[in-house]
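Peer 1: This is the structure alone, sequence omitted:
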């Protein structure tokens, strides 16, 4: 039989091994859907979220509560003592605490200026206490956007796709290799005339089979259930998924190229993925990290994948505009492959 | 087919094989030859260097010194060609749990240029009823036969088996033997390692006995046993005083005793002529006022040869 038969059989065995593993199905398909749904729900937008203000129940409190409640963007809660109210501020249950001045002067607002919600509350409280005179000229016109693509879930979903491609690539390949090595199956293959290149090719091909299923299922869920936009063209989207999958497949092979135990493998995998979960802009934008770190963060493969994914899905850009991101991924892919094949331990 | 000149060569040949792991010399200058159409058994306790040797011959390990030729070729020059023509069963291979017997065999079949019919192999290893069963649902014996089946898919000229029945119950062991015998019956060459002398005696035409990385005896089972020059082994124990109440010198002096050994509570004699020795033994015991207990005789076995050569049992490891 020829090399093609060999690759076909090796790939078939990989695919069968995967789809017969119920846990793997859960982690690849079900888990990301649940995660997207839960996060999308928790951070849903659309309605204006009112600021929550604790008011200390002393003289003048009733008037303040009445004033605030007239504003639909402020919700108040009365507390008997200052300490009780402050405790609520400290654990972020409310966005600020207002205490009337017994002498009849201006009330005091206690808040944490570093919290975005608290800063908003401050402006709203200020506005309620100090409305602009009716004859004032307009200084700002408001245009309320309700367009798709600006919600948190729209930001989150491409990141989840990227994270899933990373997870299935690294776990799917790294774990499978560590497992066949532990079982002594690698040595058994070594005494056959199998071409080593076929062995790796089968991992790549099986990865592509899963990729189509994985992206298909998740994208359908995102589009129909969560209403996430797919503004870019299908070709650009496919190329990015493909390049991303190959990149993490290379990383998976590299991680598994020498480990002897499953524990060693999973430790190394988590060590590789953990920084990218945090840095690469999955759940929040990496813009929140200091500017000086951005160039380094952008060199991580998951950052490149997420940036390209968002550029295509949200901004509707073509793959052609994503040169630097593709280059970063391609470089990771080539380097990890070359190193992995050199250091790979068959015995 | 291989070129005819190659047929004069032995199927497997090793000369001066040495393999070290750090300070430990696992294989210490071994010579081995397997003629075509024969079965050679490598017998020895655990740690004798059997597995290291067979894995060098299979091309899995590179020896530190010595020469290896398999089917007239060397691993350095013709690895893939050798791999096309040999079948290998390794000592411990766990196959993927959720693959069926048929799927696994089909995978291995795809590695070979030409080879056996899948269904034929499934029949040979007696797994017809299990062809759709997942590996993890097979018994130990069935897994072992599947493992041998994977080694038969290319109709190999030489079959390497590393302890093919270790850990199996007697029934399962016999079924594996039947598979190996059917391969031998078809003219195949076999090299197998084992620490069961029963297995070695049943399957092997020639034996090589290993101890501590060296060959300590070699030849057909009959000739190795004959090398003891003993007609039988006489074993007995003595009443109260224990075996050493009969001094070794007295026993060795009996006409026809070739060797004396104390083993636990027993005395073991290798004897050339059984009947006169037993008669003389009774006399000796009588004059000393001792009581003979538990007297047994048996034909010498490979185990007796191993013990007489090394002072240890095969199973001691």
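Peer 2: Ah, there it is. Here the structure is a predicted model, which is why all the values come from computation and not from measurement.
Peer 1: ok, which residues in the stretch 51-200 of chain A are in contact with chain B?
Peer 2: Applying CB under 8 Å from any CB of the partner chain, we find that the stretch 51-200 of chain A lies next to chain B at A:180, A:183-185, A:187-188, A:190-194. Bear in mind the C-beta positions are built from the backbone N, C-alpha and C, glycine included.
Peer 1: make it 10 Å
Peer 2: Within reach of chain B by CB under 10 Å from any CB of the partner chain, the stretch 51-200 of chain A has these residues: A:176, A:179-180, A:182-195, A:198.
Peer 1: Can I get the buried ones among those residues as something I can paste into PyMOL?
Peer 2: In PyMOL, this line selects whichever of those come out buried by 16 or more other CB atoms under 10 Å in any protein chain shown:
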select buried, chain A and resi 176+179+180+182+183+185+186+187+188+189+190+191+192+193+194+198
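Peer 1: helices and strands of chain B: which one bottoms out on pLDDT?
Peer 2: helix B:302-310 (a mean of 85; mean pLDDT, DSSP states H and E).
Peer 1: Once you drop chain neighbours, what's closest to residue 294?
Peer 2: Since you didn't name a chain, this refers to chain A. residue A:286 (6.8 Å; CB to CB, 6 or more residues apart in numbering or on different chains).
Peer 1: was after chain B, sorry
Peer 2: Residue B:294 sits nearest to residue B:237 (CB to CB, 6+ apart), 4.9 Å away.
Peer 1: Now do the one you found against residue B:252, distance only.
Peer 2: Between residue B:237 and residue B:252 the distance, using CB to CB, to the nearest Å, works out to 18 Å.
Peer 1: Settle it for me: which of those two has more neighbours?
Peer 2: Ranked by neighbour count (other CB atoms under 10 Å in any protein chain shown), residue B:237 and residue B:252 place residue B:237 first, with 17 against 12.
Peer 1: Figure out how far the helix or strand hosting the more buried one is from the centre of its chain.
Peer 2: Secondary structure from DSSP states H and E places residue B:237 in strand B:232-238. Centroid separation between strand B:232-238 and its chain, computed with CA atoms, centre = their mean, to the nearest Å, is 27 Å.
Peer 1: check contacts around whichever residue of the stretch 101-250 of chain B sits closest to chain A.
Peer 2: Among all residues of the stretch 101-250 of chain B, residue B:110 sits closest to chain A, at 3.9 Å; criterion: CB to the nearest CB. For residue B:110, the contact set (CB atoms under 10 Å, 6 or more residues apart in numbering or on different chains) comprises A:1-10, A:12-13, A:192, A:194, A:198, B:153.
Peer 1: How is chain B divided into domains?
Peer 2: The record's domain parsing of chain B by automatic domain parsing lists B:4-222, B:229-299.
Peer 1: looking at those domains, which is buried most?
Peer 2: Per-stretch averages of neighbours, counted by mean count of other CB atoms under 10 Å in any protein chain shown, single out domain B:4-222 among the domains of chain B, with a mean of 19.
Peer 1: Residue A:76 is in contact with residue A:64, isn't it?
Peer 2: Yes. With contact defined as CB atoms under 10 Å, residue A:76 and residue A:64 form a contacting pair (7.9 Å).
Peer 1: hmm, back to that, give me the beta-bridge partners of the residue nearest to residue B:294?
Peer 2: Judged by DSSP bridges, the bridge partners of residue B:237 are residue B:266, residue B:293.
Peer 1: ok so, going back, list buried members of the contacts of residue B:110 by neighbour count.
Peer 2: A:6-10, A:12-13, A:192, A:194, A:198, B:153.
Peer 1: Quickly, which of the domains of chain B bottoms out on average pLDDT?
Peer 2: Looking over these, mean pLDDT reaches its minimum on domain B:229-299, with a mean of 87.
Peer 1: and the end-to-end length of that one?
Peer 2: From its first residue to its last, domain B:229-299 covers 11 Å (CA to CA, to the nearest Å).
Peer 1: again with stretch B:106-123
Peer 2: End-to-end for stretch B:106-123, by CA to CA: 14 Å.
Peer 1: Now do it: distance to the chain's middle.
Peer 2: Chain-centre distance of stretch B:106-123: 27 Å, with CA atoms, centre = their mean.
Peer 1: helices or strands next to the helix or strand harbouring residue B:183 in the packing?
Peer 2: Using DSSP H and E, the element containing residue B:183 is helix B:170-185. Counting contacts by 3 or more CB pairs under 10 Å, 6 or more residues apart in numbering or on different chains; DSSP states H and E, helix B:170-185 packs against strand B:39-43, strand B:86-89, helix B:118-124, helix B:140-152, strand B:158-162, strand B:189-194, helix B:197-203.
Peer 1: by contact count, what packs against the third one?
Peer 2: Packed against helix B:118-124 by the contact rule (3+ CB pairs under 10 Å, 6+ apart) you find helix B:101-109, helix B:140-152, helix B:170-185.
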